[in-house]
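**Student:** What follows is a protein structure lacking sequence information:
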């Protein structure tokens, strides 16, 4: 009895699954049709929207807004850019020449000192005693020399009368010569003692800036101290060492041999701010084989102390100058199928493609060898969508820097203000 009832319950489920399959297929077909319809609408809308943009750059399209520039004439320099390191022309580690106690330190860290300025003093009492002893020895030996010279004069007179043997005269001559040598040695000892006494006063050997103190007052110093007393660095003038490719060596050498002075300018790390102006002094005697570069030295007066030893700077070396040439802004140079070209502005407010041949580049300007004449106008902004013969509207650089919609907003404000004023007048 239970088995037939179970079969009856299962029969309707089989029938419903068979009827659900055609419905799902219809939904799938309908959904696919709607998706295709949406895609067709998107494609049509895109083509309608891109149509005016394509026609904007042609002869019959809407005029394009551009910024012009007049081709000029002037000087343009050939510059070599390199990374350099500021190097002092003289760096001296001041050491003591004698041994003794450091009695007094005169300088202050960071002081500017001149050549001959007193830096420190060493205990001079032992060296004063040594000098006095040497002078006493010299005085005694000089007295002995004088006595020997008097005896020699006497023996010479007696020898002329054959009163003394000739051997005695020879012995006295040798004794005088010996005393003379002793006196000379004593004089040298006195001079050495005087020099050592002068070394008790340590003075600056050059003009420069005093660094950090290496030894404190009261220490016993010797000539063998590795660190010395202090380091003095010359800051005026100062030099910058930098390297350039070996291919530029011939041009630099010719300019120096002809007597030309090559200006060198030091810039900060970013290369934007100028630090100091100087001149090229010389270049190294050999090329670095590992890098293929040559090392050069430029000297700077550094009167304002803007350059400091071991500082990294960018060097711009002016190698030569092309005078009275045609120049234009690098922003107007275009590159494409014709090669290097510009958009030349015509008198009828259209542009034409003009191939140009360029020379050297100096910053934002480039030398024009052929293709343009001074006084002609070229496009320097807004050339992205231009074509040969396209119509243009000339705007100034100030207008180009304004945000879009600024004029419209101002016009709206003015018109709104006028409308409010008129409404106020009618109400009154």
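**Tutor:** The structure has been received and is ready for your questions. Quick caveat, the model's predicted, so the values are computed rather than measured.
**Student:** by contact count, what packs against the host helix or strand of residue 132?
**Tutor:** Per DSSP states H and E, residue 132 falls inside helix 125-160. Here helix 125-160 touches helix 166-198, going by 3 or more C-beta pairs under 8 Å, 6 or more residues apart in numbering; DSSP states H and E. The way it works is simple: take the backbone N, C-alpha and C, and place the C-beta from them, glycine included.
**Student:** rewinding a little: and the helix holding residue 132, which residues are buried?
**Tutor:** Neighbour-count burial for helix 125-160, counted by 16 or more other C-beta atoms under 10 Å, picks out 126-127, 130-131, 134-135, 137-138, 141-142, 144-145, 148, 152, 155, 159.
**Student:** got it, and stretch 350-366?
**Tutor:** Neighbour-count burial for stretch 350-366, with 16+ other C-beta under 10 Å as criterion, is recorded at 350-351, 353-354, 356, 358-360, 362, 365-366.
**Student:** Same check on stretch 386-395?
**Tutor:** Going by neighbour count (16+ other C-beta under 10 Å), the buried part of stretch 386-395 is 386, 388, 390-392.
**Student:** Turn those residues into a markdown table, including distance to residue 282.
**Tutor:** Shown next, in a markdown table, are these (distance: C-beta to C-beta, whole Å):
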| residue | distance to residue 282 |
| --- | --- |
| 386 | 51 |
| 388 | 53 |
| 390 | 55 |
| 391 | 58 |
| 392 | 53 |
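**Student:** Checking my notes, residue 368 in a helix, right?
**Tutor:** No. Counting by DSSP: H, G, I helix; E, B strand; the rest coil, residue 368 falls outside a helix, being strand.
**Student:** Give me the neighbour count for it.
**Tutor:** Residues contacting residue 368 under the criterion other C-beta atoms under 10 Å number 25.
**Student:** tell me which element the closest residue to it other than its chain neighbours falls in.
**Tutor:** Leaving out its chain neighbours, the residue that sits closest to residue 368 by C-beta to C-beta, 6 or more residues apart in numbering is residue 326, at 4.3 Å. Here residue 326 is covered by strand 312-329, with elements defined by DSSP H and E.
**Student:** Next: residue 31.
**Tutor:** Per DSSP H and E: residue 31 is located in helix 2-56.
**Student:** picking up where we left off before, for residue 192, state which of the buried residues of stretch 350-366 is nearest.
**Tutor:** Nearest to residue 192 out of the buried residues of stretch 350-366 is residue 362 (C-beta to C-beta; 63.3 Å).
**Student:** got the residue ranges for the helices in the stretch 201-350 of the chain?
**Tutor:** According to DSSP state H, counting those that start in this stretch, the stretch 201-350 of the chain carries its helices in the segments 249-257.
**Student:** Might one say that residue 89 is in contact with residue 240?
**Tutor:** No. Using C-beta atoms under 8 Å, residue 89 is not in contact with residue 240; the gap is 10.9 Å.
**Student:** These two: which has the busier surroundings?
**Tutor:** Taking neighbours as other C-beta under 10 Å, residue 89 and residue 240 compare with residue 240 leading, 28 against 17.
**Student:** now that one: how far from residue 201?
**Tutor:** Between residue 240 and residue 201 the computed distance is 36 Å (C-beta to C-beta, to the nearest Å).
**Student:** repeat for residue 90
**Tutor:** Distance of residue 90 to residue 201, given as C-beta to C-beta: 21 Å.
**Student:** cool, residue 119 as well?
**Tutor:** For residue 119, the distance to residue 201 - C-beta to C-beta - is 9 Å.
**Student:** quick one, phi/psi of the residue lying closest to residue 279 once chain neighbours are set aside?
**Tutor:** Residue nearest to residue 279 in three dimensions, not counting chain neighbours: residue 261, with 5.4 Å by C-beta to C-beta, 6+ apart. Dihedral pair for residue 261: phi -100, psi 120, per degrees, to the nearest 10.
**Student:** Can you tell me the number of residues neighbouring residue 261?
**Tutor:** Counted with other C-beta under 10 Å, the neighbours of residue 261 add up to 10.
**Student:** What is the helix or strand containing residue 87 packed up against?
**Tutor:** Per DSSP H and E: residue 87 is located in strand 72-88. Judged by 3+ C-beta pairs under 8 Å, 6+ apart, strand 72-88 is in contact with strand 238-245, strand 293-300, strand 312-329, strand 357-362, strand 365-370.
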